[in-house]
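Student: with the input below, show me the fold.
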Amino acid sequence: MVDVDEVIDFHGLKPMNLGYDKDDTEKLCETVTDWISQCEDLIKQYCNNKFTDNVPGAVKNVCLRLVSNMITLAIQKRDTPIIKVNDWQIKPISSDIFTQDLKDDLKPFMKEYSTKSDTVSFLAITGDD
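Tutor: Next comes the predicted model:
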């Protein structure tokens, strides 16, 4: 759906952001490629749609934002795994990357498959009165 360069440009990602050596773009690209694949699977599963033909731009946009959310979460969890709510309370960072706004944007692309069985009636015509 999206490629590594799009994600890196969109997010402004550098190898150091993920704790890699400054020049280790190969490791960065491997990680982002893996995350893109995971996000594509999440979208396909959520929509019940394999998107085998041309993927709509809106779906690509959701994928790009979803990968960006995943990157942000990884950076936040590495740097600061907890957040301060007030003077007396802290909580872990939420791991919710597939947010409601992304799901809302995917609604037009969802395919519904019914698993409900209906009753079928047959009428036999024998020619007898």
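Student: quick check: the residue nearest the centre of the chain vs Asp3, distance?
Tutor: Among the residues of the chain, Cys39 comes closest to the average C-alpha position under CA atoms, centre = their mean, at 3.5 Å. Using CB to CB, to the nearest Å, Cys39 is found at 13 Å from Asp3. Where you see a C-beta, it was placed from the backbone N, CA and C, and this is true even at glycine.
Student: go on, Phe109?
Tutor: 20 Å.
Student: and those two? which has more neighbours close in?
Tutor: Phe109 (17 against 14; other CB atoms under 10 Å).
Student: so the more buried one touches Asn49, yeah?
Tutor: Yes: contact criterion CB atoms under 8 Å: Phe109 and Asn49 qualify, at 5.8 Å.
Student: how about the helices in the protein?
Tutor: 4-11, 25-47, 57-79, 100-106 (DSSP state H).
Student: neighbouring contacts of the shortest one?
Tutor: With CB atoms under 8 Å, 6 or more residues apart in numbering as the test, helix 100-106 has contacts from Ile43, Tyr46, Cys47, Ala58, Val59, Asn61, Val62, Arg65, Leu66, Asn69.
Student: now those residues: which count as buried?
Tutor: By neighbour count, with 16 or more other CB atoms under 10 Å, these hold Ile43, Tyr46, Cys47, Val59, Val62, Arg65, Leu66, Asn69 as buried.
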